[in-house]
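S.K.: sequence first, then the predicted structure:
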Amino acid sequence: MELGLVGLGKMGGNMRERIRRAGHTVLGYDRNADLADVHSLEELVGKLSGPRVVWVMVPAGEPTQSTIDQLAELLEPGDVVVDGGNSRWTDDEKHAEQLAAKGIGFVDCGVSGGVWGLENGYALMYGGAPEHVATVQPVFDALKPEGDFGSVHAGKVGAGHFAKMVHNGIEYAMMQAYAEGWELLEKVDSVTDVREVFRSWQEGTVIRSWLLDLAVNALDDDEHLAGLRGYAQDSGEGRWTVEAAIDHAVPLPAITASLFARFASRQEDSPQMKMIAALRNQFGGHAVEKKP
Ligand SMILES: O=C(O)[C@H](O)[C@@H](O)[C@H](O)[C@H](O)COP(=O)(O)O
């Protein structure tokens with residue numbers, strides 16, 4: 001089949017390649033003309049035959065919204081838009097309604113796999129009406145990993161991004177657990193080769209996983225991670241997971257703590273620990289450390 005793909009960055013560029021390898025025709029558009037097959041969204045839509053499928057793979061928020069605004073004007077009834085970016089799931093219903101007003105279908109799709117997806121396949125979680133999903137199915141089949149699993153029609157519009165959001169919340173907590181265990185192992189003198197402990201865990205243990213494999217890769221590059229600063233950003237999915245948990249009164253202590261650990265990583269000094277030190281000093285005369 002033919003697919004229009006908007007956004008040819010780290011994810012979109014590799015996805016174009018994987019879909020082409022499966023024998024489909026992909027026309028890619030990107031603001032960076034060096035990456036693009038066509039020079040505008042108008043040209044992209046004009047060159048596709050109907051029913052057109054356009055996969056949007058641009059950053060969440062304004063870039064996705066403005067792309068959908070333009071596609072709503074350019075596409076025709078029966079066409080389908082897929083949002084494969086990391087959009088907040090609450091945006092999906094708005095996008096579906098905006099496009100449905102023009103007779104255009106909408107499917108939201110959470111995509112996992114990062115830079116490894118080209119070779120390993122991308123795990124896909126999608127939401128939308130069965131007839132819209134069916135139109136896109138050959139592309140899902142091309143992108144997904146080989147084997148029985150790795151893709152799911154999770155439910156209605158929004159369900160794909162909701163499932164991906166929860167996946168990312170789990171990702172935060174798993175990474176945090178490996179990181180905490182690693183720090184503790186590094187701290188004690190009796191363990192002389194932490195990297196080999198991690199490597200040994202890759203087989204046979206209860207905690208083997210792809211994230212563990214990647215941790216071993218990272219330790220092979222830099223055994224004590226000495227070249228890195230202990231600073232971690234977040235792109236929003238962890239926050240949205242915690243917000244959804246609050247909306248539904250679902251306790252998420254591990255995921256919430258792992259999100260907050262990232263916030264703490266961005267502080268040079270901890271304002272709240274200054275207050276704790278000050279209070280211990282006030283009530284108990286406990287020593288405080290003064291700034292030089
Ligand atoms: O499944 C995946 O491939 C990852 O979850 C990916 O989609 C993730 O969004 C970013 O790599 C970083 O996310 P954070 O910036 O929130 O850590």
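M.R.: That came in fine, so what should we check first? Bear in mind the structure is a predicted one, so any value in this text is a computation, not a measurement.
S.K.: okay, CA-based contacts and neighbour counts for the rest of this
M.R.: Noted.
S.K.: what ranges does the protein have for its strands?
M.R.: 2-6, 25-29, 53-56, 80-83, 105-112, 123-127, 151-155 (DSSP state E).
S.K.: next, the buried residues of the longest helix along the chain.
M.R.: Scanning the chain for the longest helix, with DSSP state H as the assignment, gives helix 159-187. Across helix 159-187, burial judged by 16 or more other C-alpha atoms under 10 Å covers 159-174, 176, 182, 185-186.
S.K.: cool, and stretch 272-289?
M.R.: Buried-residue list, stretch 272-289, by 16+ other C-alpha under 10 Å: A278.
S.K.: off-centre distance for that stretch?
M.R.: 40 Å (C-alpha atoms, centre = their mean, to the nearest Å).
S.K.: of all the strands of the chain, which one is nearest the ligand?
M.R.: Of all the strands of the chain, strand 105-112 sits nearest to the ligand, with 3.4 Å by C-alpha to the nearest ligand atom.
S.K.: kindly export that closest one (C-alpha atoms) in CSV.
M.R.: In CSV, the C-alpha atoms belonging to strand 105-112 read as follows (Å, rounded to 0.1, in the frame of the first residue of the first chain):
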residue,chain,number,x,y,z
GLY,A,105,-10.7,8.8,10.2
PHE,A,106,-8.2,8.9,13.1
VAL,A,107,-6.1,6.3,14.8
ASP,A,108,-3.7,7.0,17.7
CYS,A,109,-0.7,4.8,18.0
GLY,A,110,1.9,4.5,20.7
VAL,A,111,5.2,3.3,19.3
SER,A,112,8.0,1.8,21.3
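S.K.: helices and strands around it, which ones?
M.R.: strand 80-83, helix 89-100, strand 123-127, helix 130-143, helix 159-187 (3 or more C-alpha pairs under 8 Å, 6 or more residues apart in numbering; DSSP states H and E).
S.K.: that strand and the ligand, are they touching?
M.R.: Yes. If you take C-alpha under 6 Å from any ligand atom as the test, strand 105-112 does meet the ligand, through S112.
S.K.: could you pull out the buried residues of that strand?
M.R.: 105-112.
S.K.: will you turn those into CSV that also has pLDDT?
M.R.: Output for the buried residues of strand 105-112, formatted as CSV (pLDDT from 0 to 100):
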residue, pLDDT
G105, 98
F106, 98
V107, 98
D108, 98
C109, 98
G110, 98
V111, 97
S112, 96
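S.K.: re earlier: and the angle from the longest helix of the chain to strand 151-155?
M.R.: 120 degrees (axes from the mean of the first three to the mean of the last three C-alpha atoms, to 10 degrees).
S.K.: just checking, what packs against helix 159-187?
M.R.: helix 89-100, strand 105-112, strand 123-127, strand 151-155, helix 194-200, helix 210-221, helix 237-247, helix 253-265.
S.K.: in the stretch 51-200 of the chain, where is pLDDT below threshold?
M.R.: Within the stretch 51-200 of the chain, no range satisfies pLDDT under 70.
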